[in-house]
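Colleague: Please work out how this folds:
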Amino acid sequence: MAILSSVSTNSEKARFDASRVVPTANENRPKSVAWQYYIQAFSVVNSLGVIDLTYVVNYIQQMETVIEAGVWTGGWFRKYRGGWVEQGGNITISSNSSNLNTTFTLFVPYANTDYSVLLQRTSNINTAGDVAPPLVRSKTTTTFVFSAMSTSLSWRAFGMGVVS
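Modeller: Coordinates of the predicted model:
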């Protein structure tokens, strides 16, 4: 530890120069990056802040309201107020080699062929060693054609139905 033995009469000044520490421009803030988000709702592109949430909620509630439904042995369907149709059931096929192109008639027609069909095997395959999954080959608004090596399938189709 050093001990000062004399007092200096010369004053020393400390000088602080900010330009040596930070950039000195008219604006010395981080760059502001603003994003404008756009979303597509009801086939119209909108700014995020422009969408009327009340309208969106009412539209979704309409879509969720079932207006007609049916259930019977081997099948079911649901029609929604917004035009959406879901249907499904079970298919049993005779055990032979003609299962390559089986046509199934839908319970409720669709507006176009943009609907989806899901098929799932529910029984063992009928050809030893063949593990090919069921396959939808073509669709019309009232039927779909599929191939399957299984004798029993479950199916489900969904899309926009014919609006009456």
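Colleague: Could I get the full set of helices for the chain?
Modeller: 53-64 (DSSP state H).
Colleague: Show me how it divides into domains.
Modeller: 35-64, 69-160 (automatic domain parsing).
Colleague: Could you find the closest non-adjacent residue to Phe104?
Modeller: Residue nearest to Phe104 in three dimensions, not counting chain neighbours: Phe144, with 5.7 Å by Cβ to Cβ, 6 or more residues apart in numbering. C-beta: built from backbone N, CA, C; applies to glycine.
Colleague: about what we covered before: where among the domains of the chain is average confidence lowest?
Modeller: Among those, domain 35-64 has the lowest mean pLDDT, at a mean of 65.
Colleague: ok, back up a step: deepest of the domains of the chain, which one?
Modeller: Mean neighbour count (mean count of other Cβ atoms under 10 Å) peaks for domain 69-160 among these, with a mean of 15.
Colleague: now the domains of the chain in CSV, with distance to Ala14?
Modeller: Formatted as CSV, those follow (distance: least, Cβ to Cβ, whole Å):
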stretch, distance to Ala14
domain 35-64, 45
domain 69-160, 75
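Colleague: I'd like to know which of those domains lies nearest to Arg20.
Modeller: Closest approach to Arg20 among the domains of the chain (Cβ to Cβ): domain 35-64, 35.5 Å.
Colleague: so the residue nearest to Phe104 touches Leu135, yeah?
Modeller: No. Counting by Cβ atoms under 8 Å, Phe144 does not reach Leu135; the two are 10.7 Å apart.
Colleague: who touches Phe144 in this structure?
Modeller: 103-104, 106, 117, 136, 138, 157 (Cβ atoms under 8 Å, 6 or more residues apart in numbering).
Colleague: Fine by me, thanks again.
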